[in-house]
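# Quick one: sequence plus predicted model below, questions after.
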Amino acid sequence: MTVHMHEYPDAAALAAALADEVSVRLAAAIEDRGSASIAVSGGSTPKRFFETLSGRDIAWSKVTVTLVDERFVPPDSDRSNHLLVKTHLLKDKAANAAFVPLYYDTPTIDDAAAIATEKTADIGTPFDVAILGMGGDGHTASFFPRGSNLARALDLSGPRGVLTMQADGAGEERLTFSFASLADARFLALHIEGKGKKDVLNQAMAGSDETEMPIRAVLKRAQSPLDIYWAP
Ligand SMILES: O=C1O[C@H](COP(=O)(O)O)[C@@H](O)[C@H](O)[C@H]1O
């Protein structure tokens, strides 16, 4: 497993560098295959990166954006990753990008996962770009420590698609792409900021129990090289 570490003096420099690289990757995909796909994370970290990327001059009408994971909440909830992406990425030059949500207003979360799997079947085989985040507990996407569906989610021999997840510390029930859907992205990045997250990353690199820190699956078993972007 190859890991490339990219460190920046501040969050603005990181956002610019990551937006540069992602723009190049999306433009290359459009050039090569006529369209591009990107799966992004939610949480608090990606806002500045989204704002920067939304100003980049690429053929956004040929780009499909989706989420690495989502809470089972409607898109007007302030806990929604969809709302985050709508507010900070799908605007300016990126306003013309297509967006495929993971949340659907269905009786059960399993129904929503099935619809999300179907709706995303054509765009992530593999994703041109997947940007992961990481929580202070070592979760990434919605691969939470001791999560209800963690073994299935981390099984690289499993199918592509969207799974459900419940876990202490996750808050709402979650929808998440499986590791098999993300691990072979043509550009696979982990975006983290702050000394605390660097410490968590170092702790993850030093151990092997994926149930305790699911980010270890990405660090050790992703099929694509992993580019880690960090700023204090
Ligand atoms: O729950 C989530 O958290 C992680 C990390 O979020 P952050 O606020 O610490 O940046 C995120 O990667 C994931 O997509 C999100 O659903």
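Looks like it came in fine. Numbering: from 1, shown residues only.

# So which residues on this structure come close to the ligand?
41-45, 68-69, 81, 133-135, 142 (CB under 6 Å from any ligand atom). Where you see a C-beta, it was placed from the backbone N, CA and C, and this is true even at glycine.

# which of those residues has the most neighbours?
Ser142 (33 neighbours; other CB atoms under 10 Å).

# Distance check, that residue against Thr64.
According to CB to CB, to the nearest Å, Ser142 and Thr64 sit 20 Å apart.

# What of Gly169?
30 Å.

# And the two? Which one has more around it.
Thr64 (19 against 12).

# strands paired with the host helix or strand of the more buried one, and their directions?
Per DSSP states H and E: Thr64 is located in strand 63-67. Strand 63-67 has its sheet partners listed here by DSSP bridges as strand 36-40 (parallel), strand 98-100 (parallel).

# sorry, back to before: can I get the residues of the chain next to the ligand in a markdown table with secondary structure?
Shown next, in a markdown table, are these (DSSP: H, G, I helix; E, B strand; the rest coil):
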| residue | secondary structure |
| --- | --- |
| Ser41 | coil |
| Gly42 | coil |
| Gly43 | coil |
| Ser44 | coil |
| Thr45 | coil |
| Val68 | coil |
| Asp69 | strand |
| Asn81 | helix |
| Gly133 | coil |
| Met134 | coil |
| Gly135 | coil |
| Ser142 | coil |
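
# how about those residues in a markdown table, adding distance to Asp184?
Putting those into a markdown table (distance: CB to CB, whole Å) gives the following:
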| residue | distance to Asp184 |
| --- | --- |
| Ser41 | 17 |
| Gly42 | 22 |
| Gly43 | 23 |
| Ser44 | 27 |
| Thr45 | 23 |
| Val68 | 14 |
| Asp69 | 17 |
| Asn81 | 22 |
| Gly133 | 19 |
| Met134 | 19 |
| Gly135 | 23 |
| Ser142 | 19 |
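
# ok, Ala153 - contacts?
If a contact means CB atoms under 8 Å, 6 or more residues apart in numbering, then Ala153 has 141-143, 147, 163, 165, 176, 178-179 as its contacts.

# let's see it at 6 Å
Neighbouring residues of Ala153 by CB atoms under 6 Å, 6 or more residues apart in numbering: 143, 163, 178.

# From the ligand, how far out is it?
13 Å (CB to the nearest ligand atom, to the nearest Å).

# and the longest helix for the chain?
helix 11-33 (DSSP state H).

# what comes into contact with that one?
8, 36, 48-49, 52-53, 56, 58-59, 62-63, 128-129, 187, 193, 229, 231.

# go with 7 Å
6, 8, 36, 38, 48-49, 52-53, 56, 58-59, 62-63, 128-129, 186-187, 189, 191, 193, 229, 231 (CB atoms under 7 Å, 6 or more residues apart in numbering).

# Please apply the same query to stretch 225-232.
The contact list for stretch 225-232 (CB under 7 Å, 6+ apart) reads 2-11, 13-14, 18, 188-195, 198, 218-219.

# Got a ChimeraX select line for the buried ones in those residues?
Applying 16 or more other CB atoms under 10 Å to the contacts of stretch 225-232, the buried members can be selected in ChimeraX as follows:
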select :8,11,14,18,188,189,190,191,192,193,198,218,219
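
# just the strands paired with strand 63-67: most buried one?
strand 36-40 (a mean of 26; mean count of other CB atoms under 10 Å).

# Quick one: distance of that one to the chain centre.
9 Å (CA atoms, centre = their mean, to the nearest Å).
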